[in-house]
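Participant: pasting the structure only:
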């Protein structure tokens, strides 16, 4: 890609200079322009590969056709350049090109050929030859539904056997009552590997089972699954990526044990997994995003076994505010939830009194990056005692907690190298922040996290009072005690409610 980009940019410069030169001597033949270009001496097969890299980066193939007659002929003779087709009734974000000859005026959106009529589509399909297709069908405004005939062209024979990626975006408000049953699906879509369906629910009830039953090579699905989907009727073993688009939890529960080869799972409904979720092992899953809104959700997470998970994005929001009484907290430890391959954990916590207890129960020996954002809950809460993350290198912690919470978090990460901590009360009183800074200023065997190279302490964004003068001596002691390792140390807070930040920044000169 780098070579192709370099050659493409060089070609633009050469063509521009050539046009200026030829203009002075009255040369107007585009073919003559290209003869001055070093790229023109390459074999056509090599040039076509460069063209493909250009289009793959998102640029329209029509730009190539404008350079010269030679490039135009070569581009039109390379079907893979024309495999992206967009059928829509909107020209938003599109660009027009005047190609001349029989082609005339055409339009594109990025590297997609724009088709607004059945005739446009027929010509686009001819240009694409027999190559596999990436087709996008979008109805984006209130009007008569886009070209039912054109849709039939795409989903029917012989084009159906060339579909590789299919995106259909038809909001309910634009259908004007059209039933999908007016368009039939083929019995096979031999090369279809991914579908992204953002369609009315009644359309999905026809389209999703139809594609699942006809596309034996499907590996990626995005769309809301129908409530009545006959899960056992389809083969799910090849599916690697699934975005459920807020499919109801009971439908996800029926599906999850069939999706054990997933590598990426997104768009899950709130509070999944739940107590009805079967115990499931995802043997290949690497990325997962979850949202929990009940006090018992953290226990339900243990219904998932995730031996290969490397990245977890988790929101824990307790909508039952009556459960926030600290006196009601349980003291017994939770069963261990093992995440042996987890590298990155990002958590947003709101009013979850059991969070620290849950965090203490999660075994993450490979964790390298931890991001925690805590709102509400018990402000006197402690960071889990006895927890150690030996491989943690980056810690981002925003919490309305006492200084001791931040100190305990650092004690759990002895090899940390980059830290960012923020709390509206961390630097809010005359001596607030002094305990943390004192611990950070200790040297020798008592030094806390001796490998910290970058450290940021933030007083929060709530306009609280602060005392720069009272803390500056401690800040200097931290810098002096860590002179051999600390590269950047920034302390910032608001003073006297002013919107202007007060900043102390000690950055080591490189």
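Facilitator: Done, it's in. Keep in mind the model is a prediction, meaning the values are calculated, not measured.
Participant: and residue 437, what does it touch?
Facilitator: Going by Cβ atoms under 8 Å, 6 or more residues apart in numbering, residue 437 touches 457, 471, 474-475, 477-478. (C-beta placed from N, C-alpha, C; glycine too.)
Participant: ditto for residue 304
Facilitator: Counting by Cβ under 8 Å, 6+ apart, residue 304 touches 273, 277, 280-282.
Participant: for it, give me phi and psi.
Facilitator: Residue 304 adopts backbone torsions of phi -110, psi 130, taken as degrees, to the nearest 10.
Participant: over to residue 194?
Facilitator: phi -150, psi 140.
Participant: narrow the contacts of residue 437 to those in helices?
Facilitator: 471, 474-475, 477-478 (DSSP state H).
Participant: name only those of those that count as buried.
Facilitator: Neighbour counting with 16 or more other Cβ atoms under 10 Å marks 471, 474-475, 477-478 as buried within the ones in helices among the contacts of residue 437.
Participant: need those residues in a markdown table with distance to residue 226 and pLDDT, can you?
Facilitator: Shown next, in a markdown table, are those (distance: Cβ to Cβ, whole Å; pLDDT from 0 to 100):
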| residue | distance to residue 226 | pLDDT |
| --- | --- | --- |
| 471 | 60 | 74 |
| 474 | 62 | 85 |
| 475 | 60 | 86 |
| 477 | 64 | 91 |
| 478 | 59 | 91 |
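Participant: ok so residue 356 is a helix residue?
Facilitator: Yes - under DSSP: H, G, I helix; E, B strand; the rest coil, residue 356 sits within a helix.
Participant: ok, now how distant is it from residue 93?
Facilitator: Taken as Cβ to Cβ, to the nearest Å, the spacing of residue 356 relative to residue 93 amounts to 47 Å.
Participant: before we move on, what about residue 423?
Facilitator: Taken as Cβ to Cβ, the span from residue 423 to residue 93 is 43 Å.
Participant: ok, those two, which is more surrounded?
Facilitator: Neighbour comparison, residue 423 and residue 93: the larger count goes to residue 423, with 26 against 7 (by other Cβ atoms under 10 Å).
Participant: isn't the more buried one right up against residue 398?
Facilitator: Yes - at 7.1 Å, residue 423 and residue 398 qualify as touching, with contact defined as Cβ atoms under 8 Å.
Participant: tell me the one of the buried ones among the ones in helices among the contacts of residue 437 nearest residue 390?
Facilitator: For these, the closest approach to residue 390 (Cβ to Cβ) belongs to residue 478, at 23.5 Å.
Participant: you'd agree that closest one is up against residue 443?
Facilitator: No - look at residue 478 against residue 443 with Cβ under 8 Å: they stay out of range, at 10.1 Å.
Participant: which stretches in this structure count as helices?
Facilitator: Using DSSP H, helices in the chain cover 2-24, 30-35, 44-56, 62-65, 69-76, 118-127, 148-155, 201-214, 249-256, 297-300, 355-360, 403-411, 434-441, 468-481.
Participant: show me what the third one is packed up against.
Facilitator: For helix 44-56, the helices and strands in contact under the criterion 3 or more Cβ pairs under 8 Å, 6 or more residues apart in numbering; DSSP states H and E are helix 2-24, helix 62-65, helix 69-76.
Participant: rank those by mean pLDDT and give me the bottom one.
Facilitator: Lowest mean pLDDT within the helices and strands packed on helix 44-56: helix 2-24, a mean of 47.
Participant: ok, back up a step: which one of the buried ones among the ones in helices among the contacts of residue 437 is nearest residue 289?
Facilitator: Of those, the one sitting nearest to residue 289 (Cβ to Cβ) turns out to be residue 478, at 36.8 Å.
Participant: who's in contact with that closest one?
Facilitator: 437, 440-441, 455, 486, 489.
Participant: 10 Å instead?
Facilitator: Residue 478 sits next to 436-442, 452, 455, 457, 486, 489, 491, 506 when contact means Cβ atoms under 10 Å, 6 or more residues apart in numbering.
Participant: how about low-confidence regions in the protein?
Facilitator: 1-40, 141-147, 173-183, 319-332, 424-432, 459-470, 493-510 (pLDDT under 70).
Participant: as CSV, the contacts of residue 304 with distance to residue 72 would be great.
Facilitator: Shown next, in CSV, are these (distance: Cβ to Cβ, whole Å):
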residue, distance to residue 72
273, 56
277, 57
280, 54
281, 55
282, 49
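Participant: for these, which entry has the maximal number of neighbours?
Facilitator: Most surrounded of the contacts of residue 304: other Cβ under 10 Å gives residue 273, at 22 neighbours.
Participant: distance check, that one against residue 347.
Facilitator: 17 Å.
Participant: nearest residue to residue 297 in space, please, no chain neighbours.
Facilitator: Once flanking residues are discounted, residue 297 sits nearest to residue 271: 6.0 Å by Cβ to Cβ, 6 or more residues apart in numbering.
Participant: count the neighbours of that neighbour for me.
Facilitator: 19.
Participant: can you tell me which two in the contacts of residue 437 are farthest apart?
Facilitator: Farthest pair in the contacts of residue 437 (Cβ to Cβ) is 457 and 477. Separation: 14.0 Å.
Participant: list the contacts of the nearest residue to residue 75 once chain neighbours are set aside.
Facilitator: Spatial nearest neighbour of residue 75, excluding adjacent residues (Cβ to Cβ, 6+ apart): residue 64 at 4.4 Å. By Cβ under 10 Å, 6+ apart, residue 64 lies in contact with 8, 11, 47, 50-51, 54-55, 71-72, 74-76, 78, 81.
Participant: same deal with residue 306?
Facilitator: Contacts of residue 306 by Cβ under 10 Å, 6+ apart are 265, 280-283, 285-286, 288, 312, 337-342.
Participant: between those residues, which is closest to residue 41?
Facilitator: residue 286 (45.1 Å).
Participant: tell me, how many residues neighbour the closest residue to the closest one other than its chain neighbours?
Facilitator: Leaving aside its chain neighbours, residue 286 sits nearest to residue 310 (4.9 Å; criterion: Cβ to Cβ, 6+ apart). Per other Cβ under 10 Å, the neighbour tally for residue 310 reads 16.
Participant: from residue 345, how far off is residue 310?
Facilitator: From residue 310 to residue 345 the distance is 10 Å (Cβ to Cβ).
Participant: joint contacts of the two?
Facilitator: With Cβ under 10 Å, 6+ apart, residue 310 and residue 345 have common neighbours 339, 368.
Participant: re the thing from before, ok, the residue nearest to residue 297 touching residue 318?
Facilitator: No - the pair residue 271 and residue 318 fails to qualify as a contact (Cβ atoms under 10 Å) at a distance of 11.3 Å.
Participant: between these two, which contacts overlap?
Facilitator: 292-294, 296-297.
Participant: next one: phi and psi at residue 275?
Facilitator: The phi/psi pair for residue 275 (degrees, to the nearest 10) is phi -70, psi -20.
Participant: picking that back up, top of the shared contacts of residue 271 and residue 318 by number of neighbours, please.
Facilitator: residue 297 (25 neighbours).
Participant: quick revisit: mind putting the helices of the chain into CSV with distance to residue 236?
Facilitator: What follows is those, written out as CSV (distance: least, Cβ to Cβ, whole Å):
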stretch, distance to residue 236
helix 2-24, 37
helix 30-35, 51
helix 44-56, 30
helix 62-65, 40
helix 69-76, 40
helix 118-127, 31
helix 148-155, 23
helix 201-214, 9
helix 249-256, 7
helix 297-300, 23
helix 355-360, 31
helix 403-411, 41
helix 434-441, 50
helix 468-481, 55
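Participant: understood, closing this out.
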